[in-house]
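Enquirer: after the sequence you'll find the predicted model.
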Amino acid sequence: MSREQVIPDAQVRRRAATTFDRNVVMVAGAGTGKTTLLVNRLVHLLMREPRPVAITRLVALTFTNKAATEMRIRLRERLARLESGEDGEGEDPGAVTVEELHERYGLTSGEIAQRAKAALGDLEKAQIGTLHSFAAHLLRLYPLESGVDPDFRTDDDGGRFEEHFAARWAVWLDRELRPDNPQAARWRRVLTGHSLEQVRELAYALRSELIPLDELRRQVDDAAPAPALREWLAAKRDRAELLLRGHEPPKKPRKVETMLAAARAVFAILAECGPDGLAELDASHREELQGDLGNKPPKGWSEEEFSEAKQVIALAQQALSLNRPFMQDLLALLCPFVQDVRASFLREGWVSFDGLLAYARDLLRAHPGIRERLKQEYQAVLVDEFQDTDPVQYE
């Protein structure tokens, strides 16, 4: 039985594995052979004619250690079979074979085996692993430009940072709460209605290097929402409107309708005027949003519609709880502390899990020459489970 008979879309898969003059994106469900295809593409890059690629000039990334280990194992097994010339029974029917490579590139069995052996010999040097491990590799290549200790240690589970944070917090807080502190008025405002433990929790929540503290302060200080945020707020307003329009208004509006109408009003004001505009929100809308919607959809509302309405209403309730002057005071106090904690952790030779990505991103953003060097060094980049990327990983 031919491979085309075993796998109906074999030709499409083969094109995805052997197209090298453009970027290729494969979208498929779970269990359909995406990892097999990725391994096939790696093998074709190693074997192609002309211009085969050395395994040390490839980058293959995924997002968990388990997935990275599986990718390495699958590639090692495939290369070992190609080296031995064995395409045995029970093989993955989608895996690239010696016969395929011979037909496509005109390679002899000996040439295929030789290239497979060379790739196996250098497999441990190859950048086949997690995005975090690749980021760590870049930082170690360019420690001076990255501002990290060349022998830095990675705080994978965050335990070391917790200890560091606790020690710095105790010293900082003792200094901050002295009566002669120039920030004493701010502290009095912040601690009116909020405990020190709540303030500490927020400081710890800001610890990640992926949180741009300066941008966060700028956005809080800016009364007008940024264009992207304005669009998001307008979209929530419009969604609330559509949900309301989709139902006949009853003689006496029910809680879901009144709360959704109030949420619509909140998002309308925020989109147009920003947080300061909430001072003009009708008191009846504030009162409506203090209620509890419950868990059972009323007559005429589907479970899906009711669930979405609950989400929109919850977002509006959270928006009403925002207090811009309070956030300005809080960030003015905490951001310098958090920046100091991050910097001192780095000086002690540690890099957090988030820091790996943030510092690698900043390295490549700030140094065009390094970007060009890496473009020359690595001839192909493959990403498994690309949908798992977040913005900084994508950058």
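Expert: Okay, I see it. Just so we're clear, the structure is a prediction, and the values are computed from it rather than from any experiment.
Enquirer: where do the strands of the protein begin and end?
Expert: 58-62, 127-130, 153-155, 350-352, 380-383 (DSSP state E).
Enquirer: show me the one of those strands that comes nearest Ile269.
Expert: Among the strands of the chain, the nearest to Ile269 by C-beta to C-beta is strand 350-352 (38.3 Å). Heads up, the C-betas are built off the backbone N, CA and C, glycines and all.
Enquirer: point out the other helices and strands that that closest one packs with.
Expert: Helices and strands touching strand 350-352, by 3 or more C-beta pairs under 8 Å, 6 or more residues apart in numbering; DSSP states H and E, are strand 153-155, helix 159-176.
Enquirer: which one of the strands of the chain lies nearest to Gly31?
Expert: Of the strands of the chain, nearest to Gly31 by C-beta to C-beta is strand 58-62, at 16.3 Å.
Enquirer: what residues does that closest one touch?
Expert: Strand 58-62 has contacts (C-beta atoms under 8 Å, 6 or more residues apart in numbering) with 38, 42, 45-46, 68, 71, 126-131, 134, 378-385.
Enquirer: make a ChimeraX selection of the buried ones in these.
Expert: To isolate in ChimeraX the members of the contacts of strand 58-62 that are buried, counting by 16 or more other C-beta atoms under 10 Å, one can use:
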select :38,42,45,46,68,71,126,127,128,129,130,131,134,382,383,384
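Enquirer: can you redo the strands of the chain as TSV, where the extra columns are mean pLDDT and distance to Gly110?
Expert: Formatted as TSV, the strands of the chain follow (pLDDT from 0 to 100; distance: least, C-beta to C-beta, whole Å):
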stretch	mean pLDDT	distance to Gly110
strand 58-62	94	23
strand 127-130	94	26
strand 153-155	95	43
strand 350-352	96	46
strand 380-383	92	25
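Enquirer: and these: which comes nearest Leu75?
Expert: For the strands of the chain, the distance to Leu75 is smallest for strand 127-130, at 6.9 Å, taking C-beta to C-beta.
Enquirer: quick one: residues in contact with that closest one.
Expert: Outside strand 127-130, the residues that touch it by C-beta under 8 Å, 6+ apart are 56, 58-65, 67-68, 71-72, 75, 133-134, 137, 378.
Enquirer: ok, now which ones touch Trp350?
Expert: Neighbouring residues of Trp350 by C-beta under 8 Å, 6+ apart: Phe152, Arg153, Thr154, Asp155, Arg160, Phe161, His164.
Enquirer: tell me what it is bridged to.
Expert: Beta bridges link Trp350 to Arg153, judged by DSSP bridges.
Enquirer: show me where the stretch 251-395 of the chain has its helices.
Expert: Counting by DSSP state H, counting those that start in this stretch, the stretch 251-395 of the chain has helices at residues 255-273, 283-288, 303-320, 324-347, 353-366, 368-377, 391-394.
Enquirer: same check, this time on the stretch 101-250 of the chain
Expert: Using DSSP H, counting those that start in this stretch, the helices assigned to the stretch 101-250 of the chain run over residues 109-121, 131-141, 143-146, 159-176, 184-190, 196-205, 213-221, 227-245.
Enquirer: now, of those, which is deepest in the fold?
Expert: helix 131-141 (a mean of 19; mean count of other C-beta atoms under 10 Å).
Enquirer: show me what that helix packs onto, helices and strands only.
Expert: So helix 131-141, by 3+ C-beta pairs under 8 Å, 6+ apart, packs with strand 58-62, strand 127-130, helix 353-366.
Enquirer: could I get those as JSON lines with distance to Arg188?
Expert: Shown next, in JSON lines, are the helices and strands packed on helix 131-141 (distance: least, C-beta to C-beta, whole Å):
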{"stretch": "strand 58-62", "distance to Arg188": "49"}
{"stretch": "strand 127-130", "distance to Arg188": "46"}
{"stretch": "helix 353-366", "distance to Arg188": "33"}
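Enquirer: tell me which of those sits most buried.
Expert: Using mean count of other C-beta under 10 Å, the stretch among the helices and strands packed on helix 131-141 with the largest mean neighbour count is strand 58-62, at a mean of 22.
Enquirer: that older thread, for Ser109, find the nearest of the helices and strands packed on helix 131-141.
Expert: Smallest distance to Ser109 across the helices and strands packed on helix 131-141 (C-beta to C-beta): 23.2 Å, for strand 58-62.
Enquirer: the inter-axis angle of that closest one versus helix 131-141?
Expert: Strand 58-62 and helix 131-141 are oriented at 130 degrees to each other (axes from the mean of the first three to the mean of the last three C-alpha atoms, to 10 degrees).
Enquirer: tell me the strands beside strand 58-62, with direction?
Expert: Assessed with DSSP bridges, strand 58-62 is paired to strand 127-130 (parallel), strand 380-383 (parallel).
Enquirer: roughly how far apart are the residue of the chain most remote from its centre and Leu356?
Expert: The centre of the chain is farthest from one residue, Lys251, which by C-alpha atoms, centre = their mean lies 46.8 Å away. Relative to Leu356, Lys251 is positioned 60 Å away (C-beta to C-beta, to the nearest Å).
Enquirer: picking that back up, quick one: which of the strands paired with strand 58-62 is nearest Phe337?
Expert: Closest of the strands paired with strand 58-62 to Phe337 is strand 127-130, at 30.8 Å (criterion: C-beta to C-beta).
Enquirer: using CSV, write out every CA atom in the closest one.
Expert: Presented in CSV, the C-alpha positions along strand 127-130 are these (Å, rounded to 0.1, in the frame of the first residue of the first chain):
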residue,chain,number,x,y,z
GLN,A,127,19.4,24.5,19.5
ILE,A,128,16.5,22.1,19.7
GLY,A,129,14.6,22.8,22.9
THR,A,130,12.4,25.3,24.7
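Enquirer: now do it: distance to the chain's middle.
Expert: Relative to its chain's centre, strand 127-130 lies at 17 Å (C-alpha atoms, centre = their mean, to the nearest Å).
Enquirer: surely Asp149 and Gly349 touch.
Expert: Yes: the criterion here is C-beta atoms under 8 Å, and Asp149 meets it with Gly349 at 4.3 Å.
Enquirer: quick revisit: redo the helices and strands packed on strand 350-352 as a markdown table? Include distance to Leu278.
Expert: Compiled in a markdown table, these are given as follows (distance: least, C-beta to C-beta, whole Å):
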| stretch | distance to Leu278 |
| --- | --- |
| strand 153-155 | 40 |
| helix 159-176 | 30 |
